[in-house]
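Engineer: 3D, please:
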Amino acid sequence: MKKVSIVTVNFNQPVVTEELLLSIEQTNTYTNLEIIVVDNASSVNPVPGWLIKYPGIKFIRSELNLGFAGGNNMGIKEATGDYLFLVNNDTEFTVGLIEKLVTVLNTNENVGMISPMIKYYSDKQLIQYAGYTPMNYYTCRNSCIGLKQHDNGQFNNITGPTAYCHGAAIMIKKEAIDKAGLMAENFFLYYEEVDWCEMILRAGYKAWVNTDALIYHKESVSVGKKSKLKEYFMNRNRILFTRRNAPPFKKLFFYLYFLLMVVPRNVLLYIKNKNYNFIPMLFKAVWWNFTHSKNSTNLGYPINTIA
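Structural biologist: Numbers count the residues shown, from 1 in each chain. So this is what the prediction gives:
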């Protein structure tokens with residue numbers, strides 16, 4: 001039996017993380033398992049209490065907020081499993097989740113990573129993810145298959161290729177990580193899992209989805225649906241992702257498209273919605289890409305001045 005390492009990252013959401021751990025305990029029947037929780041510099045350190053409350057779980061504390069990628073990378077480095085299951089701390093497991101994903105990886109040598117179907121926790125008949133379409137590098141846009149559709153069985157029994165796995169729940173072979181490398185930490189937040197999928201694909205593996213496996217997601221618990229933090233990193237990393245992955249001509253087209261169409265449009269929308277404090281975040285996101293290489297590990301803008 002392959003060993004599975006569950007890795008999750010906590011940032012100022014100890015109650016949400018404990019709800020995840022409870023859901024794993026209540027639903028899981030897979031026996032060869034380890035659980036790793038990375039605390040990403042929460043303002044109140046929950047690890048001492050957790051070590052007492054959960055003696056069978058491995059806890060790691062970072063004194064710096066390393067972002068989604070950096071926090072997960074810390075957990076990956078400590079993991080001993082053949083397969084690593086990276087899950088957001090605001091997810092909840094369902095019965096058979098791990099077994100269904102493991103079975104696919106066991107029986108398909110060229111599949112390097114896989115995601116389950118994801119539904120919204122607040123409405124458990126509402127789909128968040130049943131796969132991704134390929135990236136349009138001219139605009140750096142793609143679509144999440146099934147997003148906000150009610151589950152009427154339209155995605156039942158789908159096990160096969162998808163353009164990308166979903167960052168809320170990815171099971172990945174350790175050998176694929178060894179070959180492709182860890183997540184790029186300069187993303188910090190957003191687009192890092194899509195970039196990682198590109199790295200895995202270039203390493204010769206495939207990304208799949210299994211809609212028979214299910215996880216629930218409490219969307220936007222830690223960041224919020226609208227925030228300066230989200231606007232900054234979504235725009236900054238959309239450009240960064242294109243810089244790292246697009247072919248030269250499509251990359252040039254995207255730069256012109258973003259500067260001449262996206263920036264003016266977003267500014268007008270910010271003004272219309274009275275989100276005036278988003279405007280400097282947009283320009284800082286663009287400027288970061290002018291002043292940092294595509295592989296830079298320096299965020300270039302203090303995180304505590306954005307939120």
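Engineer: report how many residues lie close to residue 2.
Structural biologist: The tally of other residues near residue 2 (other C-beta atoms under 10 Å) stands at 13. For the C-beta atoms, the positions are set from N, CA and C on the backbone; glycine is no exception.
Engineer: residue 102 versus the closest residue in space to it that isn't next to it in sequence, what's the distance?
Structural biologist: The shortest distance from residue 2 to any non-neighbouring residue, by C-beta to C-beta, 6 or more residues apart in numbering, is to residue 82 (4.2 Å). Using C-beta to C-beta, to the nearest Å, residue 82 is found at 9 Å from residue 102.
Engineer: identify the contacts common to these two.
Structural biologist: Applying C-beta atoms under 8 Å, 6 or more residues apart in numbering, one finds that residue 82 and residue 102 are jointly contacted by 2, 4.
Engineer: quick one: which of the two has more around it?
Structural biologist: Legend: neighbour count by other C-beta under 10 Å for residue 82 and residue 102, higher for residue 102 (22 against 17).
Engineer: hmm, back to that, how far away is the residue nearest to residue 2 from residue 280?
Structural biologist: The value you get for residue 82 to residue 280, if C-beta to C-beta is used, is 46 Å.
Engineer: what strand or helix carries the nearest residue to residue 176 once chain neighbours are set aside?
Structural biologist: The spatially closest residue to residue 176, leaving aside those adjacent along the chain, is residue 112, at 3.6 Å (C-beta to C-beta, 6+ apart). Using DSSP states H and E, residue 112 sits in strand 111-120.
Engineer: and the helix or strand just after that strand, what does it pack against?
Structural biologist: Once strand 111-120 ends, the next helix or strand along the chain (criterion: DSSP H and E) is strand 127-129. Judged by 3 or more C-beta pairs under 8 Å, 6 or more residues apart in numbering; DSSP states H and E, strand 127-129 is in contact with strand 111-120.
Engineer: just the CA trace of the strand it packs on, in PDB.
Structural biologist: Below are the C-alpha coordinates for strand 111-120, written out as PDB (Å, rounded to 0.1, in the frame of the first residue of the first chain):
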ATOM      1  CA  VAL A 111      -0.400  10.400 -14.300                       C
ATOM      2  CA  GLY A 112       1.600  12.700 -12.000                       C
ATOM      3  CA  MET A 113      -1.100  14.600 -10.200                       C
ATOM      4  CA  ILE A 114      -4.900  14.300  -9.700                       C
ATOM      5  CA  SER A 115      -7.700  16.400  -8.200                       C
ATOM      6  CA  PRO A 116     -11.100  15.300  -7.000                       C
ATOM      7  CA  MET A 117     -14.400  17.000  -7.800                       C
ATOM      8  CA  ILE A 118     -14.700  20.100  -5.500                       C
ATOM      9  CA  LYS A 119     -18.000  21.400  -4.300                       C
ATOM     10  CA  TYR A 120     -18.800  24.400  -2.200                       C
END
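Engineer: how far out from the middle of the chain is it?
Structural biologist: Between the centre of strand 111-120 and the centre of its chain there are 11 Å (C-alpha atoms, centre = their mean, to the nearest Å).
Engineer: buried sites along the top helix by length along the chain?
Structural biologist: Criterion DSSP state H: the longest helix present in the chain is helix 228-245. By 16 or more other C-beta atoms under 10 Å, the buried positions in helix 228-245 come out as 228-233, 235-245.
Engineer: just checking: what are the partner strands of the top strand by length along the chain?
Structural biologist: Secondary structure of the chain read by DSSP state E shows that its longest strand is strand 206-217. Applying DSSP bridges, strand 206-217 is found paired with strand 91-93 (antiparallel), strand 111-120 (parallel), strand 159-161 (antiparallel).
Engineer: start and end of stretch 147-154, how far apart?
Structural biologist: Stretch 147-154 has an end-to-end distance of 12 Å (criterion: C-alpha to C-alpha, to the nearest Å).
Engineer: is it true that residue 239 touches residue 258?
Structural biologist: Yes. Using C-beta atoms under 8 Å, residue 239 is in contact with residue 258, at 6.4 Å.
Engineer: overlap in contacts of those two?
Structural biologist: 140, 286.
Engineer: please point out which parts of the helix or strand hosting residue 287 sit buried.
Structural biologist: Assessed by DSSP H and E, residue 287 sits inside helix 278-291. Buried residues in helix 278-291, counted by 16+ other C-beta under 10 Å: 278, 281, 282, 284, 285, 286, 288, 289.
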